[in-house]
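Asks: task: produce atomic coordinates for the following.
(chains A and B)
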Amino acid sequence: MNPQELLHWLRGTGLQLAAAVFVLGMTYRMLHLALLGRKKNLAAARGAEWGPGLRTVWRRSFVMPELSARGKFTVIAGYTFHLGFFVTLFFLSQHIDMLRAVFGFGWTALPRSAIDIAAILSLAALIALLVHRYIDPVKRMLSGFEDYLSWLLTFLPLLTGFMLLRGIGFDYTMLLILHLLSVELLMVAAPFTKLAHMFSTFSARWYNGAVAGFKGVKA
Amino acid sequence: MNEHETLGARLAQQGISRRAFLKFCAAMTTMMALPPGAATAIAETLLKAKRPSVIWLSFQECTGCTESLTRSHSPTLESLIFDMISLDYHHTLQAASGFGAEKSREDAMKDFFGNYLLLVDGSIPLNEGGVYSTIAGRTNLDLLQEAAKGAAAIVAVGSCASFGGLPMANPNPTGAVAVSDIVKDKPIINISGCPPIPAVITGVLAHYLTFGELPALDELGRPQAFYGETIHDRCYRRPFYDQGKFAKTFDDEGARNGWCLYELGCKGPTTHNACATTKWNGGAGFPIEAGHGCLGCSEPNFWDAGSFYTPLAAPTANIAAVAGAAALIGAGAAVALSAADRAKKKKKQQAHEKLSVKDLGN
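Replies: Alright, predicted model coming up:
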């Protein structure tokens, strides 16, 4: 298989397979969570569930002062990575081209310099978080193989994407192959690792908010 | 034909000045990225070089490669140097026809056995015993195998001979293959492109005449001097790509401003060829200068690599349909397993037995 054939496979069949595993796995895991079948709460409801649930989904997106005081570095680096990743994923023109081809609609891209800054910050934050994870005794003790694997699966698409955009290291074909491979690996692994938090984080937040709301506690 | 005199003598006969010839040698040296001193060496060697016998076999092809070679740069020194080889068989260009034509091929193969250059354009069909393309009642496969035996080297001209090209495109009804799929024991150089740039063909021939061997090749058997960089690397619109400025349609403001054609499907970033530097029609331009994206014609399987108008970032297959089906299967599996879990829970409850998370499907 020459590089052109591999690239064609990755843009076609490979991406179809990765998308199938990603969507099937995520749908199954999220729906299975929702259908677990909780016991009906027989207490009289003191408040609504949906409103406070959704409010919590929104509010937990902001830094909680009590958390930031205790782990400033983790919070700042964590937010930097996530924001940078989000901006790069959804506002690079090439990614919008891809999403438009799949979903039939797109939106305006951010200027290339903004994407460069977001990607560099995101990569730097990921590296800093890895170093911190290793240096900090508590984090190190809590970390297992899956944590490092998740880090690598997230880091590689960002790194190869940046190299591709700036033509660093290899020729375009090889860099596009590496980028697509890393993205497809991430898609295949995501539903079965902690990376599934890209969806479950929202349902978990909603559930916490809904429980509090039911009890009449301000979420 | 049998007078395989030196190139220098033929040039003098044709009234080519030494100055014009040296200019040609300098151009070839630059194109092939050889050191500056090589120009003199090329000139001296070429002048003394005996015209090698060349047999050109045309198989499953459209004659575009020959059109490219004969028209695009003529009449220039490039076409004259082509004249300086002894083209002993080329069924489009030769005057002879019928048995006479085939005899000239057989004579050349016999007289210059082990020394002639074999140029091939077009792919070779293998299905049904190769009957999809025959010349003088003989299959392309038969002719190629016979001619390859006595060839010093083989030059596969065009994407069909190099990689199978359009005849090999899905579903490949004729079972078309490239020259390198059949001939394994001879040096093969692929000059891919649909068609290839004429100066690249003459450049390779000049290199062979000068050094007596084929130039350095890339992993796909193409001369590195011409296929070492991508169209994108040398494209004059590259700064717009780097700035993220793209034409969205062929007639929008971006297109009029000459912005990058990436979003209109340009395959320049993944295509190795010299179009952006050597250019076409005597240096007049290349497709991107005419406002159309690169089709990627010098790469293998370019015909089956998705639409010419799909950006490289976009998938070449239907992702939405696959994802939709996967979502349905995933949802179905979740509902079915949840129902099974509930039934299990109910059963345990009725039997007053304990149930842990591990007992449930996850």
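Asks: buried set for the helix ranked longest in chain B?
Replies: Ranked by residue count and defined by DSSP state H, the top helix of chain B is helix B:319-350. Using 16 or more other Cβ atoms under 10 Å in any protein chain shown as the test for burial, helix B:319-350 gives B:319, B:322-323, B:326-327, B:330-331, B:333-334, B:337-338, B:341. To be clear about C-beta, it is placed using only N, CA and C from the backbone, and glycine gets the same treatment.
Asks: run the chain-centre distance for the helix or strand containing residue B:241.
Replies: Assigned by DSSP states H and E, residue B:241 belongs to helix B:238-243. Relative to its chain's centre, helix B:238-243 lies at 26 Å (Cα atoms, centre = their mean, to the nearest Å).
Asks: low-confidence stretches in the stretch 101-250 of chain B?
Replies: By pLDDT under 70, the stretch 101-250 of chain B has no low-scoring segment.
Asks: surely residue B:143 touches residue B:58?
Replies: No. Between residue B:143 and residue B:58 there is no contact under Cβ atoms under 8 Å: 10.1 Å.
Asks: which one's more surrounded, the two?
Replies: Ranked by neighbour count (other Cβ atoms under 10 Å in any protein chain shown), residue B:143 and residue B:58 place residue B:58 first, with 25 against 22.
Asks: spit out the contact partners of the more buried one.
Replies: Neighbour list for residue B:58: B:66, B:90-92, B:120-122 [criterion: Cβ atoms under 8 Å, 6 or more residues apart in numbering or on different chains].
Asks: quick one: it from chain A, how far?
Replies: 25 Å (Cβ to the nearest Cβ, to the nearest Å).
Asks: burial measure for residue B:290, as a count.
Replies: For residue B:290, using other Cβ under 10 Å, the count is 9.
Asks: separation between it and chain A?
Replies: Note on residue B:290: its distance to chain A, by Cβ to the nearest Cβ, is 22 Å.
Asks: same question, residue B:40
Replies: Residue B:40 is 33 Å from chain A, by Cβ to the nearest Cβ.
Asks: again with residue B:218
Replies: Per Cβ to the nearest Cβ, residue B:218 is found 10 Å from chain A.
Asks: same question, residue B:210
Replies: Residue B:210 sits 28 Å away from chain A, going by Cβ to the nearest Cβ.
Asks: tell me how far the host helix or strand of that residue lies from the chain's centre.
Replies: Element membership for residue B:210 (DSSP H and E) is helix B:198-211. Put simply, helix B:198-211 sits 17 Å off its chain's centre (Cα atoms, centre = their mean).
Asks: which SSE is immediately downstream of it?
Replies: helix B:224-227.
Asks: returning to that earlier point: show me which of the buried residues of helix B:319-350 neighbour chain A.
Replies: Residues of the buried residues of helix B:319-350 in contact with chain A (Cβ under 8 Å from any Cβ of the partner chain): B:319, B:322-323, B:326-327, B:330-331, B:333-334, B:337-338, B:341.
Asks: make JSON lines from those and add pLDDT to it.
Replies: Below are those laid out as JSON lines (pLDDT from 0 to 100):
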{"residue": "B:319", "pLDDT": "95"}
{"residue": "B:322", "pLDDT": "96"}
{"residue": "B:323", "pLDDT": "96"}
{"residue": "B:326", "pLDDT": "97"}
{"residue": "B:327", "pLDDT": "97"}
{"residue": "B:330", "pLDDT": "96"}
{"residue": "B:331", "pLDDT": "96"}
{"residue": "B:333", "pLDDT": "95"}
{"residue": "B:334", "pLDDT": "94"}
{"residue": "B:337", "pLDDT": "90"}
{"residue": "B:338", "pLDDT": "89"}
{"residue": "B:341", "pLDDT": "86"}
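Asks: related to what we said a few turns ago, by contact count, what packs against the longest helix of chain B?
Replies: Counting contacts by 3 or more Cβ pairs under 8 Å, 6 or more residues apart in numbering or on different chains; DSSP states H and E, helix B:319-350 packs against helix A:13-34, helix A:93-103.
Asks: buried set for the helix with the most length in chain A?
Replies: Criterion DSSP H: the longest helix present in chain A is helix A:112-135. For helix A:112-135, a neighbour-count test (16+ other Cβ under 10 Å) marks A:112, A:115-116, A:118-119, A:121-123, A:125-126, A:128-130, A:133 as buried.
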